[in-house]
Every structure is written in C-alpha cells, then in structure tokens.
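Asks: have a look at this prediction, sequence included:
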Amino acid sequence: MLFGMRDIISLILLGGVNACMCFFGYDMELVNLGRVVRKARVNWEPFIFGSFAGALPWAVIFTYLGGSGDTSRIPAFVYAIVFVYLVCFNSFPIGMIGA
C-alpha cells in the first residue's frame, strides 16, 4: 500500500482528508467567483484551510517513509516517486498563488 500504510481505516481517513482539501478548493472557487474580474479582494481562507488539510497526508507519508525502520533498504526510485508526486501535488496551489 502507500509507503507501508496497510491499515484500511488509515487509508480511508487519508483519502477523506484529501477529499476535504479538494472541497476547500471548490469552496475557494465559489467564494471568489467574479472577484478577480471586478479586481476585488480575494478571500484566501479556503486556500489556507485546504493547504492545512493537504499537508496532513504528506506528514503521514513522510512519517511512514522515514519511520519504517532501515531507510537504507528503500530503493532510490521510491524517493524519486515521492519527489515527483510532491511536485505534481503542489503544482496547483503554487500556480494558484502566482495567478
């Protein structure tokens, strides 16, 4: 399973927190609908809450990855996968801040 996480309840909770992050992103779109066109002040609260919800799964991933015992036995491609996944995961919020 995901970096050594095999407990089905933990996987469901991880998916639920990730879904909450997506819901906060949707709320960000709804709350700020039309504000960009009118040059009004953007409400960043849903983005901040969604970023917190999105950071929790990463804390779990790094805890499982680093706390799984002998890290020298982890192949290098696993670290590459984690890095690529982290970059892809964070490309949307980075683009949102820059826009």
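Replies: Everything's here; your move.

Asks: now do the contacts for the residue nearest the centre of the chain.
Replies: By C-alpha atoms, centre = their mean, the chain has its centre lying nearest to G54, at 3.3 Å. Under the criterion of C-beta atoms under 8 Å, 6 or more residues apart in numbering, the contact list for G54 reads 18, 21, 89, 93. Every C-beta, even on glycine, is put in place using the N, C-alpha and C of the backbone.

Asks: just the buried members of those residues?
Replies: Those of these that meet the buried threshold are M21, by 16 or more other C-beta atoms under 10 Å.

Asks: just the contacts of G54: which has the poorest pLDDT?
Replies: Across those, no position has a lower pLDDT than P93, which has 78.

Asks: burial of the closest residue to that residue other than its chain neighbours, as a residue count?
Replies: Counting by C-beta to C-beta, 6 or more residues apart in numbering, P93 lies nearest to S51, which is 6.4 Å off, once chain neighbours are set aside. Burial of S51 is recorded as 17 neighbouring residues (other C-beta atoms under 10 Å).

Asks: that concludes my questions; thank you for your assistance.
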